[in-house]
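Enquirer: Sharing a model prediction with you, sequence too.
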Amino acid sequence: MSLFHRSFPSELFHVKSVMAEALGIIKMHFLQMPEEDEYDLRLILSELLLNAVIHGNRGDRKKTVSVTLDIKGDVVYCVISDEGDGFDHCALLAGFAEAANCEAVHGRGVRIACALTDTLQFNVVGNTILFRKRVSCDA
């Protein structure tokens, strides 16, 4: 069973409250979480939830975004899914290695999540993402 699970319609105004609720759960678990880890988690969640609403479901409020969160030891596990068609995440990730794509706006949220997480994985289709982030304190 997950520590936190929410599904919400693909409307931008839901992102802030779901993100705040998820961060609240994380902060309750890690009472002495460093500010840097809190900032990173806030940014990761924001970028990936916005991507799911805007790019994944294309703002179609009939489609939902789901967030599942779990904490094991000092590691936060989070799965974010949308009902969109997905995307070619392999091509996007391969493009990150090219110097010419360093300043590209496309893929910015995924690039940020890659930089701030310990592990970032997609399902085959590209409409579900799992990240793992170690928090720098004892639970």
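Expert: Now that the structure is in, tell me what you want to look at.

Enquirer: so where's the protein shaky on pLDDT?
Expert: 98-106, 138-139 (pLDDT under 70).

Enquirer: next one: the helix or strand containing residue 17 to chain centre, how far?
Expert: Using DSSP states H and E, residue 17 falls within helix 12-29. How far helix 12-29 lies from its chain's middle: 12 Å, per CA atoms, centre = their mean, to the nearest Å.

Enquirer: Against residue 80, how distant is residue 66?
Expert: 7 Å (CB to CB, to the nearest Å). The C-beta positions use only the backbone N, C-alpha and C, and glycine is treated the same way.

Enquirer: do the same with residue 13
Expert: Look at residue 13 and residue 80: by CB to CB, they are 17 Å apart.

Enquirer: And for residue 94?
Expert: Residue 94 sits 22 Å away from residue 80, going by CB to CB.

Enquirer: how deep is residue 45 tucked in, by neighbour count?
Expert: When neighbours are counted by other CB atoms under 10 Å, residue 45 registers 25.

Enquirer: Can you tell me the element it falls in?
Expert: Using DSSP H and E, residue 45 sits within helix 35-51.

Enquirer: buried set for the helix or strand that that helix is followed by?
Expert: Following helix 35-51 in sequence order, the next helix or strand is strand 64-72 (DSSP H and E). Buried residues in strand 64-72, counted by 16 or more other CB atoms under 10 Å: 64, 65, 66, 67, 68, 69, 71.

Enquirer: Now render these as a markdown table, adding distance to residue 57.
Expert: A markdown table is the format used below for the buried residues of strand 64-72 (distance: CB to CB, whole Å):
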| residue | distance to residue 57 |
| --- | --- |
| 64 | 8 |
| 65 | 7 |
| 66 | 11 |
| 67 | 13 |
| 68 | 17 |
| 69 | 20 |
| 71 | 27 |
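
Enquirer: closest to residue 110 among those?
Expert: The shortest approach to residue 110 among the buried residues of strand 64-72 belongs to residue 65, at 15.7 Å (CB to CB).
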